[in-house]
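J.: curious how this folds, go ahead:
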Amino acid sequence: MPQANFEFVFEKNGTDYVQPGEPTPPSWGYDMDKLTVRHVSGENIPSDRVRIETDGTDIKYINSSGYLGDLGDGKYQPGYTFEQIETEDSFSAGDSFVVVTFPVDEDQDNVAGLNEASARIVYESESSDRSLTLATWEGPDY
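T.: As a prediction, the model looks like this:
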């Protein structure tokens, strides 16, 4: 199992989301709860073996190009592998990703503010018969 350290940075009702290539302003006009997860130090982890999972809300992500993403259906999900968020082969020290919820969507099933949620970074073994939680985070109102 890999050894790695992670940092979580939470922003409640963060800056207004702007899709890349669109003028600023106007933007979508939606504030978002944003959780940035950064691999601070330790081993490289194959990106298809490391994932973020949440409890208390489902999430979407913003990739390194700035695009809002999901699994193509427009719906929030309970988690993503790093491979789904980015196309890198491994999640290495210095890499980061962002997961978000939009307060305007809190009327949808399983969507709440990230301040009311928890997250964990999970490593799945190559045989997929075991998993290990590498790091955890709890929102201030969880």
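J.: gap between residue 20 and residue 69?
T.: Taking CB to CB, to the nearest Å as the measure, residue 20 and residue 69 are separated by 12 Å. The way it works is simple: take the backbone N, C-alpha and C, and place the C-beta from them, glycine included.
J.: same question but for residue 131, I mixed them up
T.: The gap separating residue 131 from residue 69 is 23 Å, by CB to CB.
J.: and what of residue 62?
T.: As judged by CB to CB, residue 62 and residue 69 stand 7 Å apart.
J.: which one of the two is surrounded by more residues?
T.: When residue 62 and residue 69 are compared for neighbours, residue 62 comes out ahead with 19 against 16, by other CB atoms under 10 Å.
J.: quickly list what that one is bridged to.
T.: Beta-bridge partners of residue 62, counted by DSSP bridges, are residue 68, residue 98.
J.: that one touches residue 68, doesn't it?
T.: Yes. In this structure, residue 62 is within contact of residue 68 by CB atoms under 8 Å, at 5.7 Å.
J.: other SSEs contacting the helix or strand of the chain with the lowest mean pLDDT?
T.: Between all helices and strands in the chain, the lowest mean by mean pLDDT, DSSP states H and E belongs to strand 68-69, at a mean of 86. Judged by 3 or more CB pairs under 8 Å, 6 or more residues apart in numbering; DSSP states H and E, strand 68-69 is in contact with strand 60-62.
J.: how about residues contacting the strand it packs on?
T.: For strand 60-62, contacts defined as CB atoms under 8 Å, 6 or more residues apart in numbering pick out 17, 34, 68-70, 76-77, 80, 84-85, 97-102.
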